[in-house]
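Undergrad: Here is my input; please provide its structure:
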Amino acid sequence: MIGVVYAVLFVLAAAVGLPLGFALFGRRHAAGWIAGGLLGYAITALAVWMPIRLGVASPLAFMLAWAAASVVVRVVSGRLAEPLVLLPAWTWRDGAGLTLVLALTLAIAIPPFLHAGATDANGNRYYRAYFTADFVWHEALTAEVARFTSPPRNPYLAHRPIHYYWTYYLPPAAAAAALGTGNIETILKVNAIGTAMLFVSAIFLFAWTIVPRAWPVAAAVATAIAASSAEGTWALLRLWQRGAPLSEVKNLNIDALTAWWPPHGLRIDGLPRCFWWVPQHSMAYALGLIALTVAAGARSAASLPALAVSGTALGGATAMNPFVGGVFSLVWGAVMAMDALVSGDSVRRLIRCAVAAVPVVLAVAWCAANQMVEGAGGALQFGWLGEARHQPLVSLMLSLGPAIVAAVPALCVPPDRLRQGYGGQEGGSYARMAPALLLATVSLLLMHVVRLDVDTSWVGFRAGQMFLVAVPALIAAGLAARGARRGVAIALVVLAALAGAPTTIIDADNAQDITNFSESPNGPWTVTITSDEAQGLEFLRRVTPATAIVQMDPLARERSTWSLIPSFAQRRMAAGRPISLLGGTADDSEYADRSRRVQRLYQTPDAREAADIARALRIEFIWIDRVERTAYPSGMPKFEKPSEFFTPVFQNPEVLVLRVR
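TA: Predicted structure coming up:
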């Protein structure tokens with residue numbers, strides 16, 4: 001029931017932007033609905049933030065803010081000519097092509113969410129380990145945002161604010177406040193599925209604007225989603241050559257084999273992982289694609305209102321993810337500048353295009369004011385470094401080879417054929433292809449020459465996914481060509497599907513498999529929350545103050561249950577070891593220092609020393625379960641006998657929760 005209620009709220013959030021989308025592309029065009037939904041989500045997020053910033057957050061305040069945003073958007077949109085950007089007519093074939101791609105999206109996105117957190121007859125809950133990397137910590141982030149502290153605190157380092165872009169999580173947090181924070185998991189699942197639908201729609205729209213042909217675009221988008229990586233085929237081949245059972249793919253992080261196995265190169269995630277794990281990035285990509293759709297459809301001749309709406313989309317992308325928004329803004333600006341320079345009125349057009357920079361600058365200032373990007377500039381490293389140097393061509397072809405090969409025919413279509421357009425329709429020119437070509441090129445460059453020192457894989461993830469949202473336009477261009485080139489393009493897409501589909505099939509099956517309890521390099525493939533743990537976590541969520549600091553040992557847990565307390569008890573910790581970008585995670589960071597102090601708290605047999613450490617770190621409650629008992633047997637007696645330092649407040653056969661006196 002909660003899922004249905006939140007689905008309605010998600011639609012209402014997206015609906016805020018529909019008048020703006022209709023003004024941009026027209027009410028009768030699918031582009032208006034897609035753009036409007038994406039802009040609406042971004043506008044709703046900002047509307048939700050206003051009551052939080054003013055200190056009046058409540059369900060009623062959020063409703064009033066949403067209503068006010070709706071009125072403002074409608075008034076502003078009513079003053080705009082309709083449509084501002086003329087795209088080719090949308091036909092039933094285009095609608096059918098989009099519907100098929102969305103059906104593929106749902107088939108990939110939904111099953112892992114249905115299995116995440118599944119409960120057995122004994123009350124034990126199970127999570128595929130992948131989800132502990134992202135989805136589970138997003139629960140902790142949403143719970144923190146739902147406390148409406150401005151700015152939110154870091155649940156893994158309670159004395160510090162979050163240095164992460166939490167804009168995407170504002171609507172789910174507001175809904176959780178109204179529907180109960182115990183429903184955060186369901187809310188996030190529905191939000192991610194809704195985001196995936198908008199995201200894939202934006203990819204389809206962008207490619208279709210460049211090549212307005214339904215079936216080539218549908219085939220191209222499906223290829224990018226389901227057949228971009230050859231790692232699955234490579235894994236099956238290697239297992240077969242070694243005489244190992246092919247079922248061993250169940251014990252592989254299949255879309256990261258270029259990092260796991262030689263050549264130990266860059267890690268590049270495919271689009272399905274956007275659906276499951278990083279919807280905040282998906283929303284940023286999708287908003288950026290709306291701006292590039294305007295660039296492809298109207299170029300620098302776009303009217304001032306169209307340019308302003310483009311800037312709003314880029315600003316929304318920047319608020320969702322400053323790095324992604326910056327890349328899309330760079331590409332958008334370069335496309336517009338190149339088009340303006342070849343026109344007869346370059347100076348005036350360039351000045352007019354500058355209006356789009358205003359929302360982007362405001363978004364950057366907003367992120368900085370909320371301390372989302374503190375320290376990010378110092379974390380960037382430039383140059384051909386680390387994994388990017390490890391057989392880069394081999395790594396690239398394994399990670400993105402099928403998509404790259406399928407796109408090659410687009411570069412071989414004669415310019416005169418491009419100027420004529422595909423299938424007799426205007427469009428598909430080199431000018432219209434420029435946004436896709438430039439985004440793909442910039443993405444490939446970024447993944448090899450830029451990285452973050454706190455997470456050397458992060459830029460590769462983002463740049464690889466930006467390449468994958470650009471490449472469908474290029475694949476579709478080849479499929480829409482004529483004569484022998486079209487035949488070559490079709491053959492290459494078929495080969496890409498054969499080479500790339502195994503990765504997606506294996507990854508989708510593994511992502512929903514909560515029956516595999518074998519060990520991975522980072523702990524068990526399936527993480528279990530026992531019924532006793534669930535009772536203790538529910539106690540903390542129900543009885544302790546929302547701002548209480550509850551501590552478990554982060555070092556013994558490492559990559560398995562590292563987010564147990566912030567995600568499932570929804571309480572802050574004084575020390576943690578997050579694997580996300582919530583500040584630095586290097587061994588000499590504050591995370592490591594405070595975690596070692598917590599380790600000493602559990603390790604020492606001296607109750608007074610443990611209490612002194614807890615008070616110094618402002619820990620109010622201490623959590624003990626099988627992990628701490630196994631790791632620190634000599635330190636447990638001080639907690640289990642009567643003491644002037646600790647008072648038991650919850651106990652069952654596995655879990656002990658103590659209040660620090």
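
Undergrad: which stretches of the stretch 201-350 of the chain form helices?
TA: For the stretch 201-350 of the chain, applying DSSP state H, counting those that start in this stretch gives helices covering 214-226, 231-242, 257-260, 271-276, 279-297, 304-320, 322-342, 346-353.

Undergrad: Contacts for the second one, please.
TA: The contact list for helix 231-242, computed with CB atoms under 8 Å, 6 or more residues apart in numbering, reads 245-246, 248-249, 252, 254-258, 261, 398-399, 498-507. From N, CA and C alone the C-beta is placed, and that goes for glycine too.

Undergrad: hmm, try it at 6 Å
TA: Leu246, Glu248, Val249, Leu252, Ile254, Asp255, Leu257, Leu398, Ala499, Pro502, Thr503, Ile506 (CB atoms under 6 Å, 6 or more residues apart in numbering).

Undergrad: What's the local residue count around the closest residue to the second one other than its chain neighbours?
TA: With CB to CB, 6 or more residues apart in numbering as the measure, Leu239 is the residue that lies nearest to Glu248, at 5.5 Å, once sequence neighbours are left out. Other residues within reach of Leu239, judged by other CB atoms under 10 Å, total 16.

Undergrad: now the contacts of helix 231-242: which count as buried?
TA: Neighbour-count burial (16 or more other CB atoms under 10 Å) is assigned, among the contacts of helix 231-242, to Val249, Leu252, Ile254, Asp255, Leu257, Leu398, Ala499, Pro502, Thr503, Ile506.

Undergrad: Name the nearest of these relative to Glu519.
TA: Of all these, Leu252 has the smallest distance to Glu519: 12.8 Å, by CB to CB.

Undergrad: Against Trp208, how distant is Asp94?
TA: 7 Å (CB to CB, to the nearest Å).

Undergrad: To clarify, my last question referred to Val450.
TA: As for Val450, its distance to Trp208 is 30 Å (criterion: CB to CB).

Undergrad: Okay, and Ala47 sits in which element?
TA: helix 30-54 (DSSP states H and E).

Undergrad: buried stuff in that helix?
TA: 30-52.

Undergrad: How about stretch 467-474?
TA: Of the residues in stretch 467-474, those buried (16+ other CB under 10 Å) are Phe467, Leu468, Val469, Ala470, Val471, Pro472, Ala473, Leu474.

Undergrad: Make TSV out of those residues and add pLDDT and secondary structure.
TA: Formatted as TSV, those follow (pLDDT from 0 to 100; DSSP: H, G, I helix; E, B strand; the rest coil):
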residue	pLDDT	secondary structure
Phe467	97	helix
Leu468	98	helix
Val469	98	helix
Ala470	97	helix
Val471	97	helix
Pro472	97	helix
Ala473	96	helix
Leu474	95	helix
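
Undergrad: tell me which of these is nearest to Asp532?
TA: For those, the closest approach to Asp532 (CB to CB) belongs to Leu468, at 42.7 Å.

Undergrad: Surely the closest one touches Ala224?
TA: Yes. Counting by CB atoms under 6 Å, Leu468 sits close enough to Ala224 to count as a contact (5.0 Å).

Undergrad: now the helices: where do they sit in the stretch 351-500 of the chain?
TA: 357-369, 376-379, 392-407, 415-420, 430-449, 458-479, 484-511.

Undergrad: Could you say which of those helices is packed most deeply?
TA: Each of the helices of the stretch 351-500 of the chain was scored by mean neighbour count; the highest is helix 458-479, a mean of 27, by mean count of other CB atoms under 10 Å.

Undergrad: any idea where the helices of the stretch 551-661 of the chain begin and end?
TA: When assigned using DSSP H, counting those that start in this stretch, the helices of the stretch 551-661 of the chain occupy the ranges 554-557, 564, 590-603, 607-616, 626-631, 637-640.

Undergrad: What's the mean pLDDT across stretch 508-526?
TA: Averaged over stretch 508-526, pLDDT sits at 91.

Undergrad: I misspoke; the intended subject was stretch 23-32.
TA: For stretch 23-32, mean pLDDT is 95.

Undergrad: cool, stretch 345-355 as well?
TA: Per-residue pLDDT values across stretch 345-355 average out to 87.

Undergrad: Mind pulling the model confidence for Ala196?
TA: pLDDT, the model's per-residue confidence, is 98 for Ala196.

Undergrad: and what of Leu452?
TA: Among the per-residue scores, Leu452 shows a pLDDT of 80.

Undergrad: can you count the residues close to it?
TA: Count around Leu452 with other CB under 10 Å applied: 18.

Undergrad: Please apply the same query to the one 4 residues further on.
TA: Using other CB under 10 Å, Thr456 has 17 other residues around it.

Undergrad: wouldn't it be in contact with Leu385 here?
TA: No. When contacts are counted by CB under 6 Å, Thr456 is not listed as touching Leu385 (8.1 Å).

Undergrad: any idea how far the most centrally placed residue in the chain is from Phe131?
TA: Ranked by distance to the mean C-alpha position of the chain (CA atoms, centre = their mean), the top residue is Val278 at 2.1 Å. Counting by CB to CB, the gap between Val278 and Phe131 amounts to 12 Å.

Undergrad: can you check Ala107 too?
TA: Summarising the geometry, the distance separating Ala107 from Phe131, computed by CB to CB, is 19 Å.

Undergrad: okay, those two: which has more neighbours?
TA: Neighbours were counted for Ala107 and for Phe131 using other CB under 10 Å; Phe131 has more, 23 against 11.
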